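Engineer: predicted model follows, preceded by the sequence.
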Amino acid sequence: MPEPVKPQRILITGGAGFIGVHTVNRLAAEGLELLVIDDRRHGCGEPLPSSVQLEKVDLNSTGAAEIVVRFRPDAIIHLAAQGGVSRSVRDPAGDAMVNVVATVALLRASVDAGCRRFIFASSGGAIYGRARRLPTPERTTPAPLSPYGAAKLAAEGYLGMFGRTFGLSTLALRYSNVYGPYQDGTGEAGVVAITCDRLLSGRPPEIRGDGQQTRDFVFVGDVAEANWRALQSLADGGINIGTGVGTSVRTVVEELARLAPQLERPHVAARWARSNLQELSGTGRAWVGARHRRASRSRSQTRSRIARRIGMRRAPDRTPATRG
Ligand SMILES: NC(=O)c1ccc[n+]([C@@H]2O[C@H](COP(=O)([O-])OP(=O)(O)OC[C@H]3O[C@@H](n4cnc5c(N)ncnc54)[C@H](O)[C@@H]3O)[C@@H](O)[C@H]2O)c1
């Protein structure tokens with residue numbers, strides 16, 4: 001197996017978004033030459049370091065491929081995506097345009113540009129679906145429940161094909177639930193950011209459903225570190241990026257609420273869950289998320305396979321997040 005080469009010129013798509021800004025800052029600390037492609041449709045508002053070039057372009061435009069070929073990156077981290085699960089249910093074709101078609105166009109452009117390494121932001125929770133086994137190992141047969149998950153899985157399929165056919169070294173990082181500074185607290189998902197937003201604006205926190213549903217929460221700084229380690233490795237296929245620890249939504253909300261003791265106890269919004277479900281499915285029968293999600297720690301923690309494969313050493317940071 002050839003030795004991994006430390007890449008110098010890195011293209012980051014979606015670099016103005018939540019995970020993108022943390023990743024750009026991590027890579028900028030290495031003194032690398034960085035180009036971000038992001039049309040800022042969902043930028044997190046944090047400025048990028050002045051050394052980083054930004055091209056405000058839609059990845060679905062032909063201009064994007066030209067920029068990639070001109071920059072000739074050694075490696076690409078592809079983070080740009082339509083990230084809304086319920087939006088993907090309302091508009092599966094629109095979701096696929098960004099999450100599949102733009103990804104395929106970018107893979108093609110990276111081959112044309114002579115790029116050697118391609119890292120893709122996939123989603124453990126979205127591709128495994130209602131997995132029986134928790135934590136869920138990577139060998140689990142994917143069974144997405146939403147168009148968003150199906151698109152991530154389809155993109156992983158293209159990554160494998162570009163690896164086999166064009167010799168591009170590719171890796172899908174299957175993030176679990178990422179939290180941390182600059183996350184959008186006004187969206188449909190991201191219970192940590194949503195709760196912090198409510199607390200900071202003086203509103204009582206809210207628990208959707210009974211709150212017993214569990215998620216694997218991973219700190220965004222660890223995800224940025226994983227992106228950087230993945231760039232330097234030759235690992236391929238798909239790897240879970242999570243803690244392997246399931247925490248209930250109720251626990252997270254109550255822990256955060258403890259930081260703002262003057263507010264009332266969290267509201268339980270079971271009706272929200274029901275009506276949202278009906279809106280998502282049109283019938284109220286379909287369900288787009290699994291009740292319990294946890295990435296297997298076998299490949300996501302110290303002494304794990306991921307530690308061996310991409311050299312991740314740091315244990316997950318469990319510091320409560322605040323919005324920056
Ligand atoms: N946040 C999570 O918990 C989580 C979990 C699993 C996977 N992911 C994946 O990680 C990646 C980053 O997620 P995030 O939370 O930082 O999302 P984000 O929405 O904050 O960032 C995405 C960025 O991509 C840009 N973008 C979207 N479509 C684009 C297009 N067509 N052309 C150019 N730019 C475009 C947006 O402007 C935004 O800045 C996504 O691929 C997402 O699916 C995130």
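Structural biologist: Done, it's in. Residues are numbered from 1 along each chain as shown.

Engineer: which positions in the stretch 51-200 of the chain make contact with the ligand?
Structural biologist: 58-60, 79-81, 83, 98, 102, 121, 123, 175, 177-178 (CB under 6 Å from any ligand atom). Quick note: C-beta positions are derived from backbone N, CA and C, even for glycine.

Engineer: which residues does the residue nearest to R250 when sequence neighbours are not counted contact?
Structural biologist: Nearest residue to R250, sequence neighbours excluded (CB to CB, 6 or more residues apart in numbering): G211, at 3.0 Å. G211 makes contact with 248-250, 253, 266, 268, according to CB atoms under 8 Å, 6 or more residues apart in numbering.

Engineer: check P135 too.
Structural biologist: By CB under 8 Å, 6+ apart, the contact list for P135 reads 216, 240, 242, 244, 246, 294-298.

Engineer: which single residue in this structure comes nearest to the ligand?
Structural biologist: Closest approach between the chain and the ligand, counting by CB to the nearest ligand atom: G17, at 2.0 Å.

Engineer: which stretches of the chain have low pLDDT?
Structural biologist: For the chain, applying pLDDT under 70 flags the ranges 1-5, 262-265, 267-289, 297-324.

Engineer: longest single helix anywhere in it?
Structural biologist: Using DSSP state H, we find that the single longest helix of the chain is helix 147-166.

Engineer: quick one: secondary structure of A80?
Structural biologist: coil (DSSP: H, G, I helix; E, B strand; the rest coil).

Engineer: and for A290?
Structural biologist: A290 ends up coil, using three-state DSSP.

Engineer: separation between it and G149?
Structural biologist: 10 Å (CB to CB, to the nearest Å).

Engineer: V57 now?
Structural biologist: 27 Å.

Engineer: what residues are up against the nearest residue to G163 once chain neighbours are set aside?
Structural biologist: The spatial neighbour of G163 that comes closest, neighbours along the chain excluded (CB to CB, 6+ apart), is T170 at 4.7 Å. Neighbouring residues of T170 by CB under 8 Å, 6+ apart: 107, 117-120, 159-160, 162-163, 236.

Engineer: returning to what we had before: and the longest helix of the chain, what other elements does it pack with?
Structural biologist: helix 85-90, helix 92-96, helix 102-112, strand 117-123, helix 124-128, strand 169-175 (3 or more CB pairs under 8 Å, 6 or more residues apart in numbering; DSSP states H and E).

Engineer: list the buried residues in the second one.
Structural biologist: This points to helix 92-96. For helix 92-96, the neighbour count (16 or more other CB atoms under 10 Å) marks 92, 95-96 as buried.

Engineer: how about the third one?
Structural biologist: Along helix 102-112, these residues count as buried under the neighbour rule (16+ other CB under 10 Å): 102-103, 105-111.

Engineer: just how off-centre is that helix within its chain?
Structural biologist: Remark: helix 102-112 is offset 19 Å from the chain centroid, using CA atoms, centre = their mean, to the nearest Å.

Engineer: again, but for the last one
Structural biologist: Its chain's C-alpha centre and that of strand 169-175 lie 11 Å apart, by CA atoms, centre = their mean.

Engineer: what lines up beside the helix or strand immediately after it in the chain in the sheet?
Structural biologist: Per DSSP states H and E, the first helix or strand lying C-terminal to strand 169-175 is strand 177-179. The strands beside strand 177-179 in its sheet (DSSP bridges) come out as strand 217-219 (parallel).

Engineer: I'd like the next helix or strand past the strand it pairs with.
Structural biologist: Immediately after strand 217-219, counting by DSSP H and E, sits helix 220-232.

Engineer: I'd like to know which elements that following helix is packed against.
Structural biologist: By 3+ CB pairs under 8 Å, 6+ apart, helix 220-232 packs against helix 18-28, strand 75-78, strand 117-123, strand 169-175, strand 177-179, strand 237-241, helix 305-310.

Engineer: and stretch 193-204, which residues are buried?
Structural biologist: In terms of neighbour count (16+ other CB under 10 Å), stretch 193-204 has its buried residues at 193-199.

Engineer: list only buried entries from the residues of the stretch 51-200 of the chain next to the ligand.
Structural biologist: Buried among these by 16+ other CB under 10 Å: 59, 79-81, 83, 98, 102, 121, 123, 175, 177-178.

Engineer: just the buried positions in stretch 11-19, please.
Structural biologist: Under 16+ other CB under 10 Å, the buried positions of stretch 11-19 are 11-19.
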